[in-house]
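> okay, predicted coordinates and the sequence, questions at the end:
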Amino acid sequence: EKKEESPEQKSERKFIIKKLVFEDGNVAFISKGENLTQKLPSFTLTNLGRENGATSSELMGEVLVQLIDQAVRATAKSAVDISTKEGGNAVDAISDKLKNLLK
C-alpha cells in the first residue's frame, strides 16, 4: 500500500539562476483603441534564489516584477505622449494593467 506524502514531506524543487538575460523584447498595449508596440531594453537578472534556492513560482514572481518594471519604464514616454495627445492619464492606466498581471 502506497502512503501519500503530507504537505510537509512534499518539498518543491528549488533553483538558483545565476544569470537570466532578456533581449529583443517588445510590449504591446492598447490605449483608447490605438494599438502600440514599444521595444523593451535588454536587461539581465542575476543570482535569483541565491540564498537558499527558490521555487519555480517564487522565481516567476521575481522575474515578472522585473519584466513589468521594464515594460512600464519603456512605455512611459509613449504613454506620456498619448496622455498629452488625448488629455487622459495613460501612464497610470498602463502601469495598473501591467501590475494586475501579477494578481
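Arrived safely, thanks for sending.
> buried residues, the strand or helix carrying residue 20. List them.
Under the criterion of DSSP states H and E, residue 20 resides in strand 17-22. By 16 or more other CB atoms under 10 Å, the buried positions in strand 17-22 come out as residue 17. Every C-beta, even on glycine, is put in place using the N, C-alpha and C of the backbone.
> which helices and strands sit right next to that strand?
Using 3 or more CB pairs under 8 Å, 6 or more residues apart in numbering; DSSP states H and E, the elements in contact with strand 17-22 are strand 43-48, helix 56-86.
> let's see that with 7 Å instead.
Using 3 or more CB pairs under 7 Å, 6 or more residues apart in numbering; DSSP states H and E, the elements in contact with strand 17-22 are strand 43-48.
> parallel or antiparallel, list what pairs with the strand it packs on.
Paired neighbours of strand 43-48 in the sheet (DSSP bridges): strand 17-22 (antiparallel).
> how about residue 16: what's its closest non-neighbour residue?
residue 49 (4.7 Å; CB to CB, 6 or more residues apart in numbering).
> for residue 23, see how far away the one you found is.
Per CB to CB, to the nearest Å, residue 49 is found 22 Å from residue 23.
> repeat for residue 66
14 Å.
> neighbour count: residue 49 and residue 23, which is higher?
residue 49 (17 against 9; other CB atoms under 10 Å).
> one step back: just the CA coordinates for the strand holding residue 20, please, in PDB.
Extracted C-alpha coordinates of strand 17-22, given in PDB (Å, rounded to 0.1, in the frame of the first residue of the first chain):
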ATOM      1  CA  ILE A  17      19.500  31.200 -11.500                       C
ATOM      2  CA  LYS A  18      23.000  32.800 -11.900                       C
ATOM      3  CA  LYS A  19      22.100  34.800 -15.000                       C
ATOM      4  CA  LEU A  20      19.000  35.400 -17.000                       C
ATOM      5  CA  VAL A  21      19.200  37.700 -20.000                       C
ATOM      6  CA  PHE A  22      16.200  39.400 -21.700                       C
END
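> in the chain, where is pLDDT below threshold?
1-10, 77-103 (pLDDT under 70).
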